[in-house]
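K.L.:
A predicted structure for the sequence below; I have some questions about it.
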Amino acid sequence: MPFSERFLRANEILEKAEAAEPLTPEEIGLLYTLPANSPEAFLLRCAGLRRAMALSDGKAEIHAQIGVDAGPCVKSCQFCSFAKCNNPEGELKLTPLSAILDYARAFQEAGANLLLLMSSAAFPFERLGEIVTRVREAVGPEMPLLVNTRDLSYEEALSLRRAGFNGAYHAARMSEGELTDIPLATRVETLENLRRAGLPLSFCVEPVGEEHTARDFADRVELHLRYAPLTGGVGRRIPVKGTRVEHTRKFDQAEQARLIALYRLLDPKTPLVGSANATLAANSGANLCWAECGYNPRDFSGRTELDGVGRSVDYIARIYAETGWELRRGYSSGWNMSGGEKTGE
Ligand code: SF4
């Protein structure tokens with residue numbers, strides 16, 4: 001069977017990427033729009049997996065997220081179940097501290113490499129310090145603890161690092177300022193404040209929907225890479241029932257896998273790339289996945305691990321076992337565990 005012109009062109013672009021040459025917007029556009037199950041998309045996914053395996057020595061990680069509240073959050077991101085626009089009558093819902101500590105111990109016991117405490121913009125900021133102190137007492141000194149919360153000033157970011165957080169998840173989302181009530185500049189300012197405060201970054205290009213172009217995608221990758229993140233990745237938009245985006249189309253697994261492989265080629269350094277929430281994704285270059293419990297912005301359950309979309313450490317470990325990844329034993333590395341003052345400057 002003769003190879004199509006598109007196949008030959010895709011192969012040429014992937015050889016260029018393998019040689020670490022930057023891709024042009026036209027080349028990125030071709031890869032971004034490949035039909036998801038085309039021979040060229042399989043080539044791309046193969047290139048993504050090879051790059052990922054080489055950059056991480058075949059090691060994958062599981063980061064565990066504890067949702068500490070469910071809003072209602074005034075930032076009203078249309079894709080989020082915590083958003084006030086999706087919860088007009090909602091009242092602040094909090095995970096009790098005792099449950100947060102139980103979740104933290106259970107995740108550590110199950111083998112999670114890192115813990116992430118996620119709160120909405122409605123959560124009382126001053127309580128984050130108390131929570132991280134108590135979680136640290138529960139899990140000991142070696143477990144990296146990340147925060148995922150609202151936009152922060154430099155002083156607030158610094159106070160979180162001094163309280164005991166070792167890094168932060170933060171992202172300038174797709175369609176920021178359009179599907180959210182947060183200007184893109186505010187998100188970028190927070191990325192800068194986290195960096196200056198010495199909190200290394202975890203992020204994803206998310207939530208990607210079918211209205212986004214290759215240019216939108218590549219711009220977001222480039223923006224975040226300026227902050228030298230320790231983890232990157234891609235997340236498709238989940239049309240959560242009951243939110244304003246519930247009638248939009250969700251990318252299928254092959255489309256998500258294609259995006260992950262392309263991300264992997266556009267990011268030549270970051271060793272951990274999410275989200276490996278399915279075998280196709282893990283088999284296309286994703287070697288990071290989040291186990292989730294408590295409140296979750298992608299469902300309306302109060303215990304996402306029981307009846308929502310949350311996955312367990314064991315479930316994710318099985319995905320890695322089936323796709324040739326070796327799960328890292330012990331803790332994720334590179335985070336600011338010392339609390340040192342100068343890492344961000
Ligand atoms: S995504 Fe975050 S900022 Fe936006 S509504 Fe949800 S909790 Fe609030």
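P.N.:
It's in.
K.L.:
isn't E326 right next to A60, touching?
P.N.:
Yes. In this structure E326 lies within contact range of A60 using Cβ atoms under 8 Å: 6.9 Å. For the C-beta atoms, the positions are set from N, CA and C on the backbone; glycine is no exception.
K.L.:
Settle it for me: which of those two has more neighbours?
P.N.:
Higher neighbour count among E326 and A60: A60, with 27 against 13, using other Cβ atoms under 10 Å.
K.L.:
List the residues that are in contact with both of E326 and A60.
P.N.:
Y320 (Cβ atoms under 8 Å, 6 or more residues apart in numbering).
K.L.:
Show me the shaky parts of the chain.
P.N.:
1-2, 340-345 (pLDDT under 70).
K.L.:
now for the biggest strand by length in it, which elements pack on it?
P.N.:
For the chain, the longest strand by residue count, based on DSSP state E, is strand 59-67. Using 3 or more Cβ pairs under 8 Å, 6 or more residues apart in numbering; DSSP states H and E, the elements in contact with strand 59-67 are helix 97-110, strand 114-118, strand 288-294, helix 313-322, strand 326-327.
K.L.:
Which positions in the stretch 101-250 of the chain make contact with the ligand?
P.N.:
S120, A121, T180 (Cβ under 6 Å from any ligand atom).
K.L.:
who touches the first one in this structure?
P.N.:
What it means is S120. D69, A70, G71, C73, K75, F82, T149, R150, P297.
K.L.:
List the contacts of P183.
P.N.:
P183 touches E176, G177, counting by Cβ under 8 Å, 6+ apart.
K.L.:
Which stretches in the stretch 201-345 of the chain count as strands?
P.N.:
201-202, 205-208, 231-236, 272-274, 288-294, 326-327 (DSSP state E, counting those that start in this stretch).
K.L.:
Longest helix of this structure, counting residues only.
P.N.:
helix 39-56 (DSSP state H).
K.L.:
Give me the spatial nearest neighbour of whatever residue of the stretch 101-250 of the chain ends up closest to the ligand, chain neighbours excluded.
P.N.:
Relative to the ligand, the nearest point of the stretch 101-250 of the chain is S120 (3.4 Å; Cβ to the nearest ligand atom). In space, and not counting its chain neighbours, S120 is closest to C73: 3.9 Å by Cβ to Cβ, 6 or more residues apart in numbering.
K.L.:
any idea how far the ligand is from that neighbour?
P.N.:
3 Å (Cβ to the nearest ligand atom, to the nearest Å).
K.L.:
could you pull out the helices for the chain?
P.N.:
Secondary structure of the chain (DSSP H): helices at 5-18, 25-32, 39-56, 97-110, 127-139, 154-163, 184-196, 214-225, 253-266, 279-282, 304-307, 313-322.
K.L.:
May I see the buried residues of the first one?
P.N.:
For helix 5-18, the buried set under the neighbour-count rule, 16 or more other Cβ atoms under 10 Å, comprises A10, N11, I13, L14, A17.
K.L.:
How much space separates the second one from the ligand?
P.N.:
Right, N11. 39 Å.
K.L.:
same thing with the first one?
P.N.:
As judged by Cβ to the nearest ligand atom, A10 and the ligand stand 35 Å apart.
K.L.:
swap in the last one?
P.N.:
Relative to the ligand, A17 is positioned 32 Å away (Cβ to the nearest ligand atom).
K.L.:
what's the distance between that residue and L23?
P.N.:
Separation of A17 from L23 (Cβ to Cβ, to the nearest Å): 6 Å.
K.L.:
any residues in contact with both of those two?
P.N.:
With Cβ under 8 Å, 6+ apart as the test, A17 and L23 both reach L265.
K.L.:
Next, the buried residues of stretch 263-282.
P.N.:
263-267, 270-278, 280-282.
K.L.:
Repeat that for stretch 314-332.
P.N.:
Buried residues in stretch 314-332 (16+ other Cβ under 10 Å): I316, A317, I319, Y320, T323, W325, L327, R328, Y331, S332.
K.L.:
For the residues you listed, name the two members farthest from one another.
P.N.:
Maximum pairwise distance among the buried residues of stretch 314-332 (Cβ to Cβ): 22.4 Å, between T323 and Y331.
K.L.:
for the helices and strands packed on strand 59-67, which one sits closest to R249?
P.N.:
Closest of the helices and strands packed on strand 59-67 to R249 is strand 288-294, at 23.1 Å (criterion: Cβ to Cβ).
K.L.:
tilt between the closest one and helix 313-322?
P.N.:
160 degrees (axes from the mean of the first three to the mean of the last three Cα atoms, to 10 degrees).
K.L.:
Distance from the chain centre to strand 288-294, please.
P.N.:
10 Å (Cα atoms, centre = their mean, to the nearest Å).
K.L.:
Would that strand count as contacting the ligand?
P.N.:
No. Applying Cβ under 6 Å from any ligand atom, one finds strand 288-294 separated from the ligand by no less than 13.2 Å.
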